[in-house]
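[1] I'll drop the sequence and a predicted model, then ask my questions.
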Amino acid sequence: MITDPQGTVLALFLIFCRIGGCVLTMPGFSSARIPSILRVFIAGALSLAIMPVLWDTVYPAVRTSNATYIGFIFSESLIGVMFGMLARLYTLGLQFAANIAAMMIGYTQPSAADIFEEGQESAIAGFIIFAGMMILFMMDFHHIVFRALIDSYTSMPFGGAMQMRATLISFADTLSTTTFIMLRLASPFLIYGLLFNVAIGFINKLAPQIPVYFISTPYLLFGGLFLFYFAVAAMISQFGQSFTSVFIGQ
């Protein structure tokens, strides 16, 4: 039986602020393909599910803290957005690597829908991004994010000032680590594009009367797709396996 309905609702809403802020920016859930009302329902269901676990932490803070409730709403939403953005930066890195791969093999014509936003991208990039997101969901990356969010109630309790310095360091470390990982994943395509264009440049110098650019494009695509066929499995596998080390390491 609920003995304090007002306090219960206030505690639930504060949990919803942190969970909702994370769902708002977390990859997959924050996609433009998912309706906003569905995201609200997901955040509400998660808040109700974890409320019994956090009751002893949230309810006393709501009833006894001297901080204003509006301040709680702002700080909790900011913490949730921060956790969601840390995961989103990693998936944006895959989008960066996928576009590099598509550009290096000459497959850059926008012909597929962007799964994150309402835009267009190349078919190769769309395939890599979709496969990467599918692997992350198969490996339950959202469970890792939500578990870290629940554990954050210990390191970032109610009423405490958010440590912006530590937050900025986490963002900088995530960006740095993600960049190195994605450059490593895209390195076969970078090396292939560099060597191919250098070779075509030498051929153009030896036979300037031949329109090398038009002749070389089919070979660039054929070799790039051949490389993509053998490299995509390892690329997606390493992307999925590296998520835990990048996210938990922050």
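    All right, it came through fine.
[2] right, and Ser170 touches Leu86 too?
    Yes. Ser170 lies in contact with Leu86 (CB atoms under 8 Å); the separation is 6.5 Å. Where you see a C-beta, it was placed from the backbone N, CA and C, and this is true even at glycine.
[3] Could you verify my assumption that Leu54 touches Ile15?
    Yes. Using CB under 8 Å, Leu54 is in contact with Ile15, at 6.2 Å.
[4] So these two - more neighbours on which side?
    Ile15 (26 against 17; other CB atoms under 10 Å).
[5] what about that one, helix or strand, and which?
    Assigned by DSSP states H and E, Ile15 belongs to helix 5-25.
[6] How about Ile236?
    For Ile236, the host element (DSSP H and E) is helix 212-248.
[7] buried ones in that helix?
    Under the neighbour-count criterion of 16 or more other CB atoms under 10 Å, helix 212-248 has 212, 216, 220, 223-224, 227-228, 231, 235-236, 239-240, 242-243, 246-247 buried.
[8] If you tally nearby residues, what's the number for Ala45?
    Ala45 has 11 nearby residues by other CB under 10 Å.
[9] do the one 4 residues further on as well
    Other residues lying near Ala49 total 12 when counted by other CB under 10 Å.
[10] Next, please give the residue ranges for the strands of this structure.
    Here the chain has its strands, by DSSP state E, at 110-113, 120-122.
[11] By mean pLDDT, flag the weakest helix or strand of this protein.
    Lowest by mean pLDDT, DSSP states H and E among the helices and strands of the chain is strand 110-113, with a mean of 68.
[12] Leu149 versus the residue most central in space within the chain, what's the distance?
    By CA atoms, centre = their mean, the chain has its centre lying nearest to Arg88, at 2.4 Å. Applying CB to CB, to the nearest Å, the value for Arg88 to Leu149 is 14 Å.
[13] Next: Leu206.
    Taking CB to CB, one finds Leu206 at 60 Å from Leu149.
[14] ok, these two, which is more surrounded?
    Remark: of Leu206 and Leu149, Leu149 carries more neighbours, 23 against 9, as counted by other CB under 10 Å.
[15] which residues does that one contact?
    Residues in contact with Leu149 (CB atoms under 8 Å, 6 or more residues apart in numbering) are 18-19, 22, 80, 83.
[16] Over to Ile144?
    243-244, 247-248.
[17] repeat that for 10 Å
    By CB atoms under 10 Å, 6 or more residues apart in numbering, the residues touching Ile144 are 87, 136, 243-244, 247-248.
[18] what does Gln109 give?
    So Gln109 contacts 102, 120-124 (CB under 10 Å, 6+ apart).
[19] and which of those residues is nearest to Pro60?
    Glu121 (48.6 Å; CB to CB).
[20] What residue in this structure is the furthest from its centre?
    Outermost in the chain, CA atoms, centre = their mean: Gln209 at 47.7 Å.
[21] The closest residue in space to Glu117 that isn't next to it in sequence - how many residues pack around it?
    Setting aside the residues directly before and after it, Glu117 is nearest to Ala32 in space (CB to CB, 6 or more residues apart in numbering), at 5.2 Å. Neighbour count of Ala32, defined by other CB under 10 Å: 13.
[22] what's the answer for the one 3 residues further on, then?
    One way to gauge burial is a neighbour count; for Pro35, by other CB under 10 Å, it gives 9.
[23] so who does it touch?
    By CB under 10 Å, 6+ apart, the contact set of Pro35 is Phe41.
[24] How much space separates it from Ile42?
    Taken as CB to CB, the span from Pro35 to Ile42 is 11 Å.
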